[in-house]
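Student: generate a structure from the sequence data that follows.
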Amino acid sequence: MSIPVEVPGLDTIIPQIDSGKVVIVESGADSAKSFFVRRLALTAARLGQPVTFVTSRDGEEIRAQLAREAGPDLSPDGWLAVQERDAVQRLDEFGEAGGYLAVDSFSFLSLERSGTELASMLRGLRSVCRRRGTLVVLATDRGMLPLQSEAVVHHLADGLLQFHAKEATDGIVRFLRIPKWSDGTFVDRNVYYEFDGRRLAIDLRSRVL
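Tutor: The predicted structure is shown next:
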């Protein structure tokens, strides 16, 4: 089952993310990335899909954040599984559950893996996800992985969504880039957004930086 991208404005560019795909969501320090990953999780849950989070953080923190953002009508009990890890050597086991799989801080969890090991890990994950129809989102931190490893991850992903923040004369400018997507297309422009911790607002107007 595909998961709609329920972010007004962005949904005109990426209406949905198809099942069986592996997508990278990348950023620097901006927490909009994590918010977007959780937003997709809540959409999947409302569609009746199981949700798995693999995280280096406190699993109860993830559960509490999702509970707050979901509201009383969608308790995480019953659809959310959280796996705490300090590192990962393989991911295909988590993809077997189907539904939606989010790997929080994938770049941190895979720091000790070589480019060859990462390629093997991602190919194994892709194979399971195609078979089980699992949608995978790998949340990565820009600049954490060596350039070769980062290139491997980008190459083997079906889609790449990048959150950027840049200093400008009137403050911080935030924008998205979509260098590749699962249907073979890409968006060759900046897609501007604002984020206040609770809402991701997309501005499709053109600007000059």
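Student: from now on I want contacts and neighbour counts done on CA atoms only, so please keep to that.
Tutor: Will do.
Student: where in this protein is pLDDT low?
Tutor: For the chain, the stretches with pLDDT under 70 are 206-209.
Student: what segments of it are helices?
Tutor: Taking DSSP state H, the helices of the chain run over residues 32-46, 59-70, 92-95, 106-109, 115-132, 147-156.
Student: nearest to residue 171, of these?
Tutor: Closest of the helices of the chain to residue 171 is helix 32-46, at 17.1 Å (criterion: C-alpha to C-alpha).
Student: can I get the closest one in CSV? Just the C-alpha atoms.
Tutor: C-alpha atoms of helix 32-46 as CSV (Å, rounded to 0.1, in the frame of the first residue of the first chain):
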residue,chain,number,x,y,z
ALA,A,32,12.0,18.9,10.3
LYS,A,33,13.4,15.7,8.9
SER,A,34,12.4,13.7,12.0
PHE,A,35,9.0,15.4,12.1
PHE,A,36,8.4,14.4,8.4
VAL,A,37,9.5,10.8,9.2
ARG,A,38,7.0,10.6,12.1
ARG,A,39,4.3,12.2,10.0
LEU,A,40,4.6,9.4,7.5
ALA,A,41,4.4,6.9,10.3
LEU,A,42,1.1,8.4,11.6
THR,A,43,-0.3,8.3,8.0
ALA,A,44,0.7,4.7,7.7
ALA,A,45,-0.9,3.8,11.0
ARG,A,46,-4.2,5.5,10.1
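Student: buried residues in that helix?
Tutor: By neighbour count on 16 or more other C-alpha atoms under 10 Å, the buried set for helix 32-46 is 32-45.
Student: and if you look at stretch 178-188?
Tutor: 178, 180-181, 186.
Student: ok, the buried residues of helix 32-46 vs residue 150, which is closest?
Tutor: The closest of the buried residues of helix 32-46 to residue 150 turns out to be residue 33 (C-alpha to C-alpha; 17.3 Å).
Student: who's in contact with the closest one?
Tutor: 25-27, 139, 163 (C-alpha atoms under 8 Å, 6 or more residues apart in numbering).
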